[in-house]
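J.: Curious how this folds, go ahead:
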Amino acid sequence: MEHVRHLSVVIGPRHPASRAEREAAAYVHQTIRGLDRRWELANQPFRSVGGFRYRIAPLAILTGLSLWFGLTRSRRRQFAAGVTSVGLSVLTRDAFLLRPAVWESWLRRGESENVIVRIPPRGKTRRRVVFVAHLDSGVHRLTADPRLVGQLPRTLGGMTLLALVGGVLTLLAGRNQRWRMLRSLSGGLALGGAALAIIDEMGPDVHGANGNASGVAALLGLAEALHRRPLENTEVVLAFTGAATAVGTGADILATQYAQEWHDALWVVVNSVGTGELCWATRHGISPYAYYYPHPDAVRVIERVASARPDLGLMGKTMLSVDEVSILRDRDLRAVALMGYDRVTGLLPNWRQHSDTIHAIDPAALGRAVDAIWTTARVVDQAAEWPLAGS
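T.: Numbers count the residues shown, from 1 in each chain. From the prediction side, this is the model:
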């Protein structure tokens, strides 16, 4: 709880690529150094855009303009507009899977960093577990309001289908201008989606106690436990990443550098575990056309954790979220996410809302999260084989 307090109250909101986010990284660095100076500790600096709108809004604007460009009898213009819109539907899906857009390299970027801690076992390293928690916090979003968030797949998430359908109708319109009204409406809705994406990210920064000071605190708690009682043959890596709530840049940089070296590792994303019930996400995404899933090997480990510790109430659930698992799975890494969820709504508690403060944190829930990741590390360390065989 002291870690949550320092991150969310003393430092406060930690916007991606901001000074406050770098202060959070410095706090983690200082805390780890105070535990054990023998551990390998590295900072991984990088530059990132500051928000998700830089990925979604341009795609939506281009979709709307291309569909309106195709409102003509010219077959050449219809073909160009239709092909562009269909292509943008693929890029929109990639955006919801946190894959970088071409134009992001041209945008203004701020400084961010990852903090990576490698905790060796007592004996020879035979296995590895990588726990990931992001340092930054998001902004208050209109679309994440508990009364509206259930419609998110139909609003911003529906952009993929809108671009695809509009593009196909434009290609088939012909000189008779078939479906002109529908095509006009599709273009207007796409531009409306762009405006929504921009407005949605103009809200004030939230304190991010649950998302994700709780995940960072859980990893620091695990570090304290491993300082007292190291594993036998499993190296534990704690990766505190930056700019996750923007476009997942920190996780992308981490995976780019270490995916090959740590390809056989178990990767566990720890996100928003400070309140509610504990689960592993069986399916992620905010778009009905861009779902992604955890690795089966990782799920087998978490299922064994749930079996070993029934008191934690750990179970698998479909989650409305966009997180680092997408980036890790894109590289075929053995990744899974541990999250908290509200028992009534099934959603991440206080997700991107003003209410995400330390007053909403449940110490018992945070304790269960630390127990879960500690047990996860021990399950891998004590397993007779790795990866675990299927049932």
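J.: Surely residue 190 is in contact with residue 164?
T.: No: using CB atoms under 8 Å, residue 190 is not in contact with residue 164; the gap is 11.4 Å. Every residue, glycine included, has its C-beta placed from N, CA and C.
J.: the strands in the protein, which residues?
T.: Assigned by DSSP state E, the strands in the chain fall at 40-48, 110-119, 127-134, 234-241, 266-271, 277-283, 315-318, 334-341.
J.: Distance of the residue lying closest to residue 322 once chain neighbours are set aside relative to residue 367?
T.: With sequence-adjacent residues excluded and distances taken as CB to CB, 6 or more residues apart in numbering, residue 322 is closest to residue 286, at 5.6 Å. According to CB to CB, to the nearest Å, residue 286 stands 29 Å off from residue 367.
J.: Give me the more crowded residue out of these two.
T.: Neighbour comparison, residue 286 and residue 367: the larger count goes to residue 286, with 19 against 15 (by other CB atoms under 10 Å).
J.: Let me see the contact set for the more buried one.
T.: Going by CB atoms under 8 Å, 6 or more residues apart in numbering, residue 286 touches 96, 152, 153, 156, 157, 320, 321, 322.
J.: likewise residue 369?
T.: Residue 369 neighbours (CB under 8 Å, 6+ apart): 214, 215, 218, 270, 273, 274, 278, 338, 340.
J.: Could you find the closest non-adjacent residue to the second one?
T.: Looking back up the chat, that one is residue 215. residue 133 (3.4 Å).
J.: Tell me which residues touch that neighbour, please.
T.: Contacts of residue 133 (CB under 8 Å, 6+ apart): 212, 215, 216, 218, 219, 238, 239, 240, 241, 269, 270, 271.
J.: circling back: can I get the contacts of residue 369 in TSV including neighbour count?
T.: Converted to TSV, the contacts of residue 369 look like this (neighbours: other CB atoms under 10 Å):
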residue	neighbour count
214	31
215	32
218	29
270	27
273	31
274	28
278	20
338	26
340	25
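J.: Against residue 92, how distant is residue 67?
T.: Computed as CB to CB, the residue 67 to residue 92 distance reads 13 Å.
J.: Repeat that for residue 274.
T.: 32 Å.
J.: Just name the most buried of the strands of the chain.
T.: Across these, averaging neighbours per residue (mean count of other CB atoms under 10 Å) puts strand 266-271 on top, at a mean of 29.
J.: which residues are contacting that strand?
T.: By CB under 8 Å, 6+ apart, strand 266-271 touches 127-134, 211-212, 215, 218-219, 297-298, 301, 321, 323-325, 328, 333-339, 369, 373, 376, 380.
J.: Need the strands of the chain in TSV (columns: mean pLDDT and distance to residue 145).
T.: Shown next, in TSV, are the strands of the chain (pLDDT from 0 to 100; distance: least, CB to CB, whole Å):
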stretch	mean pLDDT	distance to residue 145
strand 40-48	95	26
strand 110-119	97	27
strand 127-134	98	22
strand 234-241	98	27
strand 266-271	98	20
strand 277-283	97	21
strand 315-318	96	20
strand 334-341	98	17
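J.: List every C-alpha atom in stretch 355-370, with coordinates, as CSV.
T.: Listed next in CSV are the C-alpha coordinates belonging to stretch 355-370 (Å, rounded to 0.1, in the frame of the first residue of the first chain):
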residue,chain,number,x,y,z
SER,A,355,-12.5,7.3,-9.2
ASP,A,356,-9.2,5.5,-9.8
THR,A,357,-7.7,6.8,-6.5
ILE,A,358,-6.0,5.1,-3.5
HIS,A,359,-9.4,5.3,-1.6
ALA,A,360,-10.7,2.6,-4.0
ILE,A,361,-7.8,0.2,-3.4
ASP,A,362,-8.6,-2.9,-1.3
PRO,A,363,-5.4,-4.1,0.5
ALA,A,364,-6.8,-7.7,0.6
ALA,A,365,-7.2,-7.7,-3.1
LEU,A,366,-3.7,-6.4,-3.6
GLY,A,367,-2.4,-9.1,-1.2
ARG,A,368,-4.2,-11.8,-3.3
ALA,A,369,-2.5,-10.5,-6.4
VAL,A,370,1.0,-10.7,-4.8
